[in-house]
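In: fold the following for me, if possible:
(4 chains)
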Number of protein chains: 2
Amino acid sequence: MVNNLEIKTSEKIYYVAYKLFLENGYEATNIRDICKNVGIKASTLYFHYKSKHDLFFLIYDDICKEYMKYISSIEKLNQGASIEEKLYKLLLKKVEYYTTDISKQKFILRYNLFPPHEILNDIQEKHKLLTKEENQAILDIVGQCDDYLLEYKRFENHLVYEMVVSGIKIGEKDTAALWSIFWRNTTV
Amino acid sequence: MVNNLEIKTSEKIYYVAYKLFLENGYEATNIRDICKNVGIKASTLYFHYKSKHDLFFLIYDDICKEYMKYISSIEKLNQGASIEEKLYKLLLKKVEYYTTDISKQKFILRYNLFPPHEILNDIQEKHKLLTKEENQAILDIVGQCDDYLLEYKRFENHLVYEMVVSGIKIGEKDTAALWSIFWRNTTV
DNA sequence: GTCTATAAGAGGATAGAC
DNA sequence: GTCTATCCTCTTATAGAC
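Out: Take a look at the predicted model:
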């Protein structure tokens, strides 16, 4: 009974690895460092996870999956509204997600911007797939918007970069101000 | 006589190391990889450079020094002009520099955004110093502009990020368009 | 200046006892 | 499930011959 209240070793490993992969990067994070932080020996980690590569991509995939799950949960937006209105509503939803925990986006940004040489191919492949899925999901939510999709995503990407770099959470007011400037520029 | 026309081994090492540190990062770049690309053995590299750490910071410092040299070469801007005019002229000069070779800014961006754990302290210290020197130089060029300095640099930073990520060189026309939007937003 | 050989240590991963 | 002990490979760096 008491055991049910304790955090499982595998979960501790997962959490510590997440933090180290996020802050120090894949190459600079070694198994022994993870284990030291968890309070176990290296061989114990290998009981729970097959390899460093596997552990990393379990985490990476979870982050992507959770992100896609959130995107998919956004309901279809009113068909009658203008493209601008619909994309803005989508943006608010996204910002809401980023604001709850920016570290996940920092993780994605880190590995997409500077993928470690050792896992380059896997990262690129997964990133391509995620982009494809995400674009499809956005089309489902707002309908046809091909003319603006790329520009919209570039803008969103900027916002994420800003939040990650500055560590500042961007509120609804800022989002609205930035959006109006962006939209004015895009449609000119 | 003929020897004078050949590239010195130390210069080859320097150039190859620069490219690998830029593309693969500090941790993923090892001495043997550098040597293989140069066509020498590891011990030869250590004849020319003291250590991996030293080689890296020779390159890093050179990039910073060259950047600061360029900033310092920008002549003092007309005292009578408005802050907006002066900052815009400064921006054009900066963009001109970035456009000649964006890879140096990519190098700086990489190591400031995600400094390798192993050399974190050195990077942070040097970055702090560079920022201080750069701010002083900007004040020398445009005069007092404390109210806008931080915002201006954030904008510039965005531009660099955009150029690095997209690989697109931003022309004078784009710069002007982005600037007008930025300035409108800053002064509102 | 460049080489061969090698030290010294870090890192990923496994075998087998408990 | 967790440990000790160990293997193997990779990496930085040095010693000494040519």
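
In: so how far is stretch A:135-147 from its chain's centroid?
Out: How far stretch A:135-147 lies from its chain's middle: 19 Å, per C-alpha atoms, centre = their mean, to the nearest Å.

In: can you mark which positions in it are buried?
Out: Within stretch A:135-147, the residues that qualify as buried are A:137-138, A:141-142, A:145, counting by 16 or more other C-beta atoms under 10 Å in any protein chain shown. In short, each C-beta sits where N, CA and C put it, glycine included.

In: now do that stretch: everything it contacts.
Out: A:68, A:71-72, A:74-77, A:79, A:83, A:86-87, A:90, A:149, A:152 (C-beta atoms under 8 Å, 6 or more residues apart in numbering or on different chains).

In: the same query, at a cut-off of 7 Å, please.
Out: Stretch A:135-147 is contacted from outside by A:71-72, A:74, A:76-77, A:79, A:83, A:86-87, A:90, A:149, using C-beta atoms under 7 Å, 6 or more residues apart in numbering or on different chains.

In: with stretch A:79-98 instead?
Out: A:70, A:74, A:77, A:105, A:138, A:141-143, A:145, A:148, A:152, A:156, A:159-160, A:163, A:170, A:172, A:175, A:179, A:183.

In: just the buried ones among the residues you listed, please.
Out: Counted by 16+ other C-beta under 10 Å, the contacts of stretch A:79-98 give A:74, A:77, A:105, A:138, A:141-142, A:145, A:148, A:152, A:156, A:159-160, A:163, A:170, A:175, A:179, A:183 as buried.

In: show only the entries of the residues you listed found in helices.
Out: Among those, the ones falling in helices (DSSP state H) are A:105, A:138, A:141-142, A:148, A:152, A:156, A:159-160, A:163, A:175, A:179, A:183.

In: adding pLDDT and distance to DNA strand D, write those residues out as a markdown table.
Out: Below are these laid out as a markdown table (pLDDT from 0 to 100; distance: C-beta to the nearest atom of the strand, whole Å):
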| residue | pLDDT | distance to DNA strand D |
| --- | --- | --- |
| A:105 | 96 | 30 |
| A:138 | 97 | 40 |
| A:141 | 96 | 41 |
| A:142 | 95 | 45 |
| A:148 | 93 | 44 |
| A:152 | 93 | 41 |
| A:156 | 93 | 36 |
| A:159 | 91 | 37 |
| A:160 | 93 | 32 |
| A:163 | 92 | 34 |
| A:175 | 91 | 44 |
| A:179 | 90 | 46 |
| A:183 | 89 | 48 |
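
In: got the residues of chain A near chain B?
Out: Within chain A, the residues that sit near chain B (C-beta under 7 Å from any C-beta of the partner chain) are A:24-25, A:27-28, A:110, A:114, A:116-118, A:158, A:161, A:181, A:185.
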